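Asker: Just need the structure, nothing else, for what follows:
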Amino acid sequence: MLGFIKRFLGDNNDKEIARYRQVVDKINALEPQMQGLTDDKLVGYTAKFKERLANGETLDDLLPEAFAVVREGSRRVLGMRHFDVQLIGGMCLHEG
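Answerer: Numbers count the residues shown, from 1 in each chain. You can find the predicted model right below:
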């Protein structure tokens, strides 16, 4: 009976992964926008993030955009794009 309930409702891990996937979807949606930026504009996001933090936004508020910037920077500099599971790993580390 318990197995049926778990399959029907999902366990806590499934719920956490679903939550992370929603954030990954936001990051992925920003990818075309980030690819269209010049290197200078991409670097300029650091100052924008600092300003937004100073104005009361939280790291969680900035996370999708910040991860999209890092992913694009990695693609340009290293020629390697972070996989979605690596983004989820980064979110887990961020949350502690």
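
Asker: Quick check: buried residues in the longest helix belonging to the chain?
Answerer: When the chain is parsed with DSSP state H, its longest helix is helix 12-35. For helix 12-35, a neighbour-count test (16 or more other CB atoms under 10 Å) marks Tyr20, Val23, Val24, Ile27, Leu30, Met34 as buried. Every C-beta, even on glycine, is put in place using the N, C-alpha and C of the backbone.

Asker: what's the closest non-adjacent residue to the first one?
Answerer: Taking CB to CB, 6 or more residues apart in numbering as the measure, Tyr20 lies nearest to Ile88, with 4.6 Å between them; neighbours along the chain are not counted.

Asker: Kindly report the same for the third one.
Answerer: Distances taken as CB to CB, 6+ apart place Asp84 nearest to Val24, at 4.9 Å, with adjacent residues excluded.

Asker: The one you found: neighbouring residues, count only.
Answerer: The number of residues packed near Asp84 is 14, by other CB atoms under 10 Å.

Asker: What score does it have for pLDDT?
Answerer: With respect to pLDDT, Asp84 scores 98.

Asker: ok, now which ones touch it?
Answerer: Arg21, Val24, Asn28 (CB atoms under 8 Å, 6 or more residues apart in numbering).
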